[in-house]
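A.B. asks: structure here, sequence nowhere to be found:
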Ligand SMILES: Cc1cc2nc3c(=O)[nH]c(=O)nc-3n(C[C@H](O)[C@H](O)[C@H](O)COP(=O)(O)O)c2cc1C
């Protein structure tokens, strides 16, 4: 699909909500000016997202952060993408290490999410959970709903963040908790199937 560039008059009148998409090419170029960052954050606050801990270990050191900007890219090969703010304290380690683990949190793990959500020293963050490793050596959280151990295969800077493409090389045994989502700047439980209530494992 291809659309023509809107006129300057359309841009100034606010009607320019169209953008050009060249078939098969990236990036998509928006001709309308971007919305304000705080308006975007307000809109994103209305989007319920699964909550993950992204952890890493290796020559760059052990680190982790809470992340909602994680999604599936492909199952051939199984690939996730993870967005990390380059100003975060975990970035130095993530930018050096070859692997990371995406730990998807269960309903009773919002305390771990808070510990990894910023401003807590890295060593203290890891006291909030019990850990194992899978293949890459990145910490995998016991009691998580699931964990994707990954090799980072590509990194693309976009705005304030790096987008990491991560090939999944191992999976943890699925946990039995309910889901945890972040929305309206708070944590909420999402009932999952017949998942039984359980003791917190982390
Ligand atoms: C629910 C939630 C989701 C978050 N998602 C992301 C994310 O996807 N990417 C990211 O870089 N930071 C994300 N953050 C922020 C980081 O966890 C962390 O707070 C931030 O990187 C600053 O941490 P620092 O004190 O280690 O520098 C999220 C925080 C919360 C609470």
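C.D. replies: Thanks, I have it. What you see is a predicted model, and the numbers here were worked out from it, not measured in a lab.
A.B. asks: flag every residue of this structure that's near the ligand.
C.D. replies: Residues of the chain lying near the ligand by Cβ under 6 Å from any ligand atom: 51, 65-69, 83-85, 88-90, 116-119, 182. Placement of C-beta: from N, CA and C, glycine included.
A.B. asks: need the helix or strand of the chain with the lowest average pLDDT.
C.D. replies: In the chain, no helix or strand scores lower on mean pLDDT, DSSP states H and E than helix 8-13, which sits at a mean of 45.
A.B. asks: so residue 113 belongs to a helix, correct?
C.D. replies: Yes: using DSSP: H, G, I helix; E, B strand; the rest coil, the assignment for residue 113 is a helix.
A.B. asks: quick check: it touching residue 181?
C.D. replies: No: contact criterion Cβ atoms under 8 Å: residue 113 and residue 181 do not qualify, at 10.7 Å.
A.B. asks: who touches both of those two?
C.D. replies: Common contact partners of residue 113 and residue 181 (Cβ atoms under 8 Å, 6 or more residues apart in numbering): 51, 187.
A.B. asks: following the helix ranked longest in the chain, which helix or strand shows up next?
C.D. replies: If you go by DSSP state H, the chain has its longest helix at helix 37-44. Where DSSP states H and E defines the elements, the next helix or strand beyond helix 37-44 is strand 49-50.
A.B. asks: other SSEs contacting the lengthiest strand in the chain?
C.D. replies: Longest strand in the chain, counting residues (DSSP state E): strand 146-158. Helices and strands touching strand 146-158, as assessed by 3 or more Cβ pairs under 8 Å, 6 or more residues apart in numbering; DSSP states H and E, comprise strand 78-85, strand 99-104, strand 139-141, strand 161-171.
A.B. asks: and the ones you listed as a markdown table, adding mean neighbour count and mean pLDDT?
C.D. replies: Formatted as a markdown table, the helices and strands packed on strand 146-158 follow (neighbours: other Cβ atoms under 10 Å; pLDDT from 0 to 100):
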| stretch | mean neighbour count | mean pLDDT |
| --- | --- | --- |
| strand 78-85 | 19 | 98 |
| strand 99-104 | 27 | 98 |
| strand 139-141 | 26 | 98 |
| strand 161-171 | 18 | 98 |
